[in-house]
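Student: Predicted model and sequence below, questions to follow.
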Amino acid sequence: MFDYTDTMDTALHLLRQGLEALRAVDTGLLATTELGTGLLHLQKLLDGLNVEHAKLMNEADRAGVHAGTGHRNIASWLAANGKTSYQRAKKQQDLGDAMNNSPELADAVANGELSPDTASELLPTLGSDHSGDIAELIGVCKGASPTEAKAAGEKFQELNKPAGESDREREAKKRAKRSLRFNDLGDGMTSLAGMLPTTDARTVKDSLDAIIRNWNDFQDPRTLEQEHADAIVELCHAFNAGEVTGGREAPTVMIRIDIEDLEGSGVGYNTHGELVPAEIVRRMCTNANLVRVISNGSDVLDLGRRARFASDAQFRAIIARDGSFCRIPGCCMPAKWCEVDHVREWERQGNTDLDSLILLCSYHHHMRHLPGVTLHGDANNLEITLANGHRIPMPPKWAGTPASTTTATATAAAPATTAPANTAPTSGAPPGHRTAA
């Protein structure tokens, strides 16, 4: 056995040897299980390397490696010399700085309890002004995906406001950061850059999406980004011509929030899975009709065999129960783009009842109907068996955050509210997305 000393040269030499050995593997000869296992193990190794890379960047930054080179920070130096993007290098620098400043984060990442990408999603929260316990947040996010960690961090900030700061003051402080800048590039083009509160940004995007849908041209060669740009210009042209309509047509913005949270300092979620603070929901409610999703018989939520397609009331109730995403674990497709599916197919005498309906994205909806794929149980206690026999539990997601962070959110039996607001085009699921099969 070789007696290696702990030097950087030795470590890099071993890594190069490992990389050469990996390149020598003929992946075309590997069995399916070997490919899957190898891919997961390689991902863990890459995560570990990213962690060490971030720590090394922090050390290099503090040692002043970039000093006297004309680069403003170590990320700029690495991007130029390592031929990588500045955004990628800066992300690593920020992760290294955060681990240096938070022993709890460093331990969780080093132990593999948080992936580097998951840890990066917590950085805005770690750097925010709050009154909570970061160690508790890191604890509940162990094993979470980046999307789950981002949602948990946003909720943590809303539930742990700085001492002495009211909900209204906090929202006013965030809103004060809004901006829109025009930069003439001098070549006949102008760049736009800006920042909006999430609810305002959703209003803008839903308005542009509504204009795009009206074009109804499936052969359109434009990218989505080009369509959004053209929609902004078209909206402004319509305004200048006095042709802007809508506003008082009371389109629907669906927000799931428990009554107790609405009256206090809680949070809600829209059909895109975006967090909406209670203060914002209360403001929206001044111009909205409130609908209690689950109550004592105000809406008929069990239609049996009388109707195949889910009603609006059922769609709202499903979101309140399943959260704002596709029901398949790990899928982040927002409810707006999901379809309502019968647990027991309609053609096989399935009922259009709340306990028999779930939200699935188009991909998983089609997958669910493939030969050999079966669902077991009802919507409250559900599992799916894939064609290869693999079983996947499908519990309700509630608000789409890690289970340990939803203690402030009541169960599906609790009253919930959706707020249709007349300040934006329809952002709930369009009728075509509520078909059940």
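Tutor: Ah, there it is. Numbering: from 1, shown residues only.
Student: now the residue nearest to the spatial centre of the chain: how far from residue 325?
Tutor: Taking CA atoms, centre = their mean, the centroid of the chain lies closest to residue 147, which sits 4.6 Å from it. Look at residue 147 and residue 325: by CB to CB, to the nearest Å, they are 9 Å apart. No exception for glycine: its C-beta is placed from N, CA and C like everyone else's.
Student: which residues do these two both contact?
Tutor: residue 332 (CB atoms under 8 Å, 6 or more residues apart in numbering).
Student: just checking, residue 372 is part of a strand?
Tutor: No - under DSSP: H, G, I helix; E, B strand; the rest coil, residue 372 sits outside any strand and is assigned coil.
Student: what's the nearest residue to it if we skip its chain neighbours?
Tutor: Computed as CB to CB, 6 or more residues apart in numbering, the closest residue to residue 372 that is not its neighbour in sequence is residue 387, at 3.3 Å.
Student: Near the one you found, how many other residues are there?
Tutor: The number of residues packed near residue 387 is 11, by other CB atoms under 10 Å.
Student: Then the one 5 residues further on?
Tutor: Residue 392 has 12 neighbouring residues, counting by other CB under 10 Å.
Student: just checking, it touches residue 376?
Tutor: No - Residue 392 sits out of contact with residue 376 when judged by CB atoms under 8 Å, with a separation of 10.5 Å.
Student: and for these two, which residues touch both?
Tutor: Common neighbours of residue 392 and residue 376 (CB under 8 Å, 6+ apart) are 383-385.
Student: So which of those residues is the closest to residue 93?
Tutor: Proximity of these to residue 93 (CB to CB) peaks at residue 384, which lies at 41.5 Å.
Student: ok, which stretches of the stretch 151-300 of the chain are helices?
Tutor: Counting by DSSP state H, counting those that start in this stretch, the segments of the stretch 151-300 of the chain that form helices are 167-175, 198-215, 224-240, 259-263, 278-285.
Student: most packed of these?
Tutor: Mean neighbour counts were taken over the helices of the stretch 151-300 of the chain using mean count of other CB atoms under 10 Å, and the top value, a mean of 19, falls to helix 278-285.
Student: Keeping just the C-alphas, turn that helix into PDB.
Tutor: Presented in PDB, the C-alpha positions along helix 278-285 are these (Å, rounded to 0.1, in the frame of the first residue of the first chain):
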ATOM      1  CA  ALA A 278     -50.500  36.300   3.500                       C
ATOM      2  CA  GLU A 279     -50.200  40.100   3.300                       C
ATOM      3  CA  ILE A 280     -50.200  39.900  -0.500                       C
ATOM      4  CA  VAL A 281     -53.100  37.500  -0.500                       C
ATOM      5  CA  ARG A 282     -55.100  39.900   1.800                       C
ATOM      6  CA  ARG A 283     -54.400  42.800  -0.600                       C
ATOM      7  CA  MET A 284     -55.500  40.700  -3.600                       C
ATOM      8  CA  CYS A 285     -58.700  39.700  -1.700                       C
END
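Student: distance between the host helix or strand of residue 137 and the chain's centre?
Tutor: Counting by DSSP states H and E, the element that carries residue 137 is helix 134-141. Between the centre of helix 134-141 and the centre of its chain there are 19 Å (CA atoms, centre = their mean, to the nearest Å).
Student: helices and strands around it, which ones?
Tutor: helix 103-110, helix 116-126, helix 146-159 (3 or more CB pairs under 8 Å, 6 or more residues apart in numbering; DSSP states H and E).
Student: Adding mean pLDDT, write these out as CSV.
Tutor: Putting these into CSV (pLDDT from 0 to 100) gives the following:
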stretch, mean pLDDT
helix 103-110, 92
helix 116-126, 93
helix 146-159, 87
